[in-house]
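A.B. asks: can you look at this prediction? I've put the sequence above it.
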Amino acid sequence: MFVAVLLLALATCHVQAGDDFAVGVGIYDVTGPATGVDFMGYAFPGQTGEGIHLRLFARAFAFQDSKGNRGVYVSSDLCMTMLSMKMGVVDRLAELGYGSKYNHTNVMISGIHTHSGPGAFSWFLLYDISMLGFDKKHWQAVVEGITQAILMADRDLLTRAPGPIFVNQDVLFNSSINRSPSSYLANPPAERALYEQWGNDVDANMTVLTVVDGKTNRPSGMLSVFAVHCTSMHNTNRHISGDNKGYASYMFERRMNGNTTLPGQGRFVAAFGQSNLGDVSPNVQGAWCDGKVGGTYCSNNRSLCGGKNEACVGVGPTTFADDVGSTKIIGGLQFEKAYEMFSQAASTGTHLQGELQTIHKWINMSAITVQANFSTTGKVEHTCRPAVGFSFAAGTTDGPGAFNFYQGDNCTGCLPFWNFARNFIKKPTKEQIACQHPKPILLDVGEITPYPWVPLVLPIQLMKIGSFVLASVPGEFTTMSGRRLRKTVAEAFAKHGQQVTVVIAGLSNGYSGYIATYEEYQFQRYEAASTLYGPHTLAAYQQEFYALAEAMATGSSVDPGQPWTNGSYVNFELDGEPLWDTHPLGKKFGDVQTDVSRTSFAPGETVNVTFFGGNLRHDFFQNSSYLFVQRQESDGSFVTLLTDANWETKVTWKKEEVTQSLITCEWQIAADAPAGTYRIVHQGKAKPDPLSSKLVSYQGESSLFVVA
């Protein structure tokens, strides 16, 4: 019904020929290792993958204007885009012969910031250390998946005709809160008053781009951008998940492609991109001691319970224990709002027309002179060599740290043991201490050798589609930081007579922690302690983005800068490949250990079957699955209805003894599941020979059962 309404609306729109954009869409699996690698985000030791709830995908949009100018935006279901990924993707595109078409200037890659996906894909030690190094196989899979999504979008572009792109904005409340409200209140009252209708201390505004194929006048893609952390799933979770934004994409694509289309295989692509999420949490009931809502609320500025940090945790819309339910609610709210705006695109949205422009620059964030007209102090200031403060180790209410660090710590002598440990690793200079003030330095990460801990040189980028501008930022801007940057970029265009809508594309092209405002920096909660380059980091970004925007607005060239070229990077892996695989005597890989519990199930019930198998880390089964729920047809054949990328399924790996693996495949039968005779199939690969790296494929099936 919606498509008919949209087509009717489109038919009434006067579209001037030659002004629209052709857009291709693509989607590809970037899930990576399901076992044996710690998840990225919480940096919580022991949060090691044990299976899959939702597969992770890269979703690409390739734009082309009437002059042939191209640009690609990618949203990946990953924690962030590391510099290693962006450089790897651009190199891979060049290797495949696409270097003249796609490069650093016109490829923008953003991450949704799920904290339930494997890590170990960075070149920098601060982001690999909790995962025991760099997993090259995982990095290659991520690079290949993003590359293939771009190439799919490029091929799809050739099948599309120029058509309308609509952008509209609205507010989504009750889906996010500010997890550092005391820091936000440090910003000027007059500035805060400007945003009362947009969510006060969170950006409640959602932006939706609706892409229409001019050949069919049917929508082919949707991009929603909304700022909220993907931390609905807690650090106790061990199953890969795209969290709330992954669920939102899953639901939107099912709505458009049909429930029978397997995830990642439909023509319509729906991305839920990330924005200025730095201090924005999906745990909307706030932070409570021991996660007990209605009990003791955590202390405001320091987020403590009984003087300790570890027990103060944020709670989603359900309960602390039901993080899957909270994920579904927060993701569902984003999906429903985006779908509502998408449905009204032609009637309420702005029709984007004109030119596609992209601009890109490498900047050394550790050595920027900030001019007085951009600095908060009104004086010439400088950025610093990167360092993290004590509150960095405290974590957040979404995922507290350990060792009783606490947020809001700007005391340089209160933890003498950790001061001693810091000085043993690398004692900060007086100049560095003064530059980073009032941050008490825990790790002087810009000076520790031999491996680089964080990047010094980072990419910044703008992509302008008609009057719509995406500003790619390599980190997590807080709510007010993002607002200031948007305002700065818009003012640069307005100076030259161009009125634009500016949206932050968060965690894009590289990663460098957080970006707090100067005022928030003084309070040294987690976001400020993680602002690497000192109190004038945001002002430096504003200055550099203003110059980029002016250059784009006037058609001027810009010095692209020099990319990061340090030959020393994290290339070790302490957590190596899994050992060989064995199975009990008399059994083989794929045999059933525990079959389905009975022969008949009803909607709402859960079916489980466990197989003897191999370690899931041997093969990621990219764009495939470890699990298939299959229904028997009248001729005796089987058709796959669900995979491990569906919300209703779950794959769990368990090590039995030293070298044996048990693989449990679970299906929670949905209320609308079609009646019939079913089986659950597991496929995998095993390494049976300890002296050989050769893998063997295997498959197993459950007994048949009826759903009625």
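C.D. replies: Alright, I've got the coordinates. Residues are numbered from 1 along each chain as shown.
A.B. asks: hey, let's count contacts and neighbours off CA atoms from now on
C.D. replies: Noted.
A.B. asks: so for this protein, the centremost residue is which one?
C.D. replies: With distances taken as Cα atoms, centre = their mean, residue 112 lies nearest the centre of the chain, 2.0 Å away.
A.B. asks: which element is residue 488 on?
C.D. replies: helix 479-494 (DSSP states H and E).
A.B. asks: send me that helix as PDB with only the CA atoms.
C.D. replies: Provided in PDB are the C-alpha atoms of helix 479-494 (Å, rounded to 0.1, in the frame of the first residue of the first chain):
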ATOM      1  CA  THR A 479      25.900  16.100  21.400                       C
ATOM      2  CA  MET A 480      27.100  19.700  21.700                       C
ATOM      3  CA  SER A 481      30.300  19.100  19.800                       C
ATOM      4  CA  GLY A 482      28.300  17.800  16.900                       C
ATOM      5  CA  ARG A 483      26.000  20.700  17.000                       C
ATOM      6  CA  ARG A 484      28.800  23.200  16.900                       C
ATOM      7  CA  LEU A 485      30.500  21.400  14.000                       C
ATOM      8  CA  ARG A 486      27.300  21.300  12.000                       C
ATOM      9  CA  LYS A 487      26.800  25.100  12.600                       C
ATOM     10  CA  THR A 488      30.400  25.800  11.600                       C
ATOM     11  CA  VAL A 489      30.100  23.900   8.300                       C
ATOM     12  CA  ALA A 490      26.700  25.500   7.500                       C
ATOM     13  CA  GLU A 491      28.000  29.000   8.200                       C
ATOM     14  CA  ALA A 492      30.900  28.400   5.800                       C
ATOM     15  CA  PHE A 493      28.500  27.500   3.000                       C
ATOM     16  CA  ALA A 494      26.100  30.300   3.900                       C
END
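A.B. asks: C-terminal to the helix or strand of the chain with the lowest mean pLDDT, what's the next element?
C.D. replies: When the helices and strands of the chain are compared on mean pLDDT, DSSP states H and E, helix 2-11 comes out lowest with a mean of 45. Going down the chain from helix 2-11, the next helix or strand is strand 22-29, by DSSP H and E.
A.B. asks: just the helices in the chain please.
C.D. replies: 2-11, 83-95, 136-157, 181-184, 189-193, 243-257, 323-343, 345-348, 416-426, 430-436, 479-494, 518-521, 526-529, 537-554 (DSSP state H).
A.B. asks: with distance to residue 564 and mean neighbour count added, can I get these in TSV?
C.D. replies: Output for the helices of the chain, formatted as TSV (distance: least, Cα to Cα, whole Å; neighbours: other Cα atoms under 10 Å):
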stretch	distance to residue 564	mean neighbour count
helix 2-11	46	14
helix 83-95	9	20
helix 136-157	18	22
helix 181-184	33	20
helix 189-193	36	11
helix 243-257	31	25
helix 323-343	36	22
helix 345-348	41	20
helix 416-426	23	14
helix 430-436	22	16
helix 479-494	24	22
helix 518-521	27	22
helix 526-529	24	33
helix 537-554	17	22
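A.B. asks: and residue 180, what does it touch?
C.D. replies: Residue 180 makes contact with 279, 301, 525 under the criterion Cα atoms under 8 Å, 6 or more residues apart in numbering.
A.B. asks: closest to residue 255 among those?
C.D. replies: Ranked by distance to residue 255 (Cα to Cα), the contacts of residue 180 are led by residue 279 at 31.1 Å.
A.B. asks: surely the residue nearest to the centre of the chain touches residue 76?
C.D. replies: Yes: counting by Cα atoms under 8 Å, residue 76 is a contact partner of residue 112 at 6.2 Å.
A.B. asks: surely residue 561 and residue 363 touch.
C.D. replies: Yes: here residue 561 reaches residue 363: they are 6.4 Å apart, a contact under Cα under 8 Å.
A.B. asks: who has more neighbours, these two?
C.D. replies: More neighbours surround residue 363 than the other of residue 561 and residue 363, with 21 against 14 (other Cα atoms under 10 Å).
A.B. asks: which strand residues bridge the more buried one?
C.D. replies: Counting by DSSP bridges, residue 363 is bridged to residue 458.
A.B. asks: distance of it from residue 602?
C.D. replies: 59 Å (Cα to Cα, to the nearest Å).
A.B. asks: now do the contacts for the closest residue to residue 107 other than its chain neighbours.
C.D. replies: In space, and not counting its chain neighbours, residue 107 is closest to residue 72: 4.9 Å by Cα to Cα, 6 or more residues apart in numbering. By Cα under 8 Å, 6+ apart, the contact set of residue 72 is 60, 61, 62, 63, 102, 106, 107, 108, 150.
A.B. asks: so which of those wins on neighbours?
C.D. replies: residue 60 leads the contacts of residue 72 on contacts (other Cα under 10 Å) with 33 neighbours.
A.B. asks: could the contacts of residue 180 be laid out in a markdown table, adding distance to residue 460 and neighbour count?
C.D. replies: Converted to a markdown table, the contacts of residue 180 look like this (distance: Cα to Cα, whole Å; neighbours: other Cα atoms under 10 Å):
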| residue | distance to residue 460 | neighbour count |
| --- | --- | --- |
| 279 | 21 | 30 |
| 301 | 32 | 17 |
| 525 | 26 | 30 |
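A.B. asks: and which of those is nearest residue 653?
C.D. replies: Nearest to residue 653 among those, with distances taken as Cα to Cα, is residue 279, at 34.0 Å.
A.B. asks: isn't the closest one up against residue 525?
C.D. replies: No: Residue 279 is beyond contact range of residue 525, at 10.0 Å (criterion: Cα under 8 Å).
A.B. asks: quick one: residue 19 and residue 354 touch, right?
C.D. replies: Yes: assessed by Cα under 8 Å, residue 19 is found in contact with residue 354 at 5.3 Å.
A.B. asks: what touches both of those two?
C.D. replies: residue 65.
A.B. asks: need the residues that contact stretch 151-168.
C.D. replies: By Cα under 8 Å, 6+ apart, the list of residues contacting stretch 151-168 reads 15, 18, 20-27, 60-63, 207-215, 217, 341, 345-346, 348-353, 468.
A.B. asks: stretch 289-302 now?
C.D. replies: 180, 182-183, 285, 287-288, 304-305, 311-315, 319-320, 406-409, 525.
A.B. asks: alright, I will stop here.
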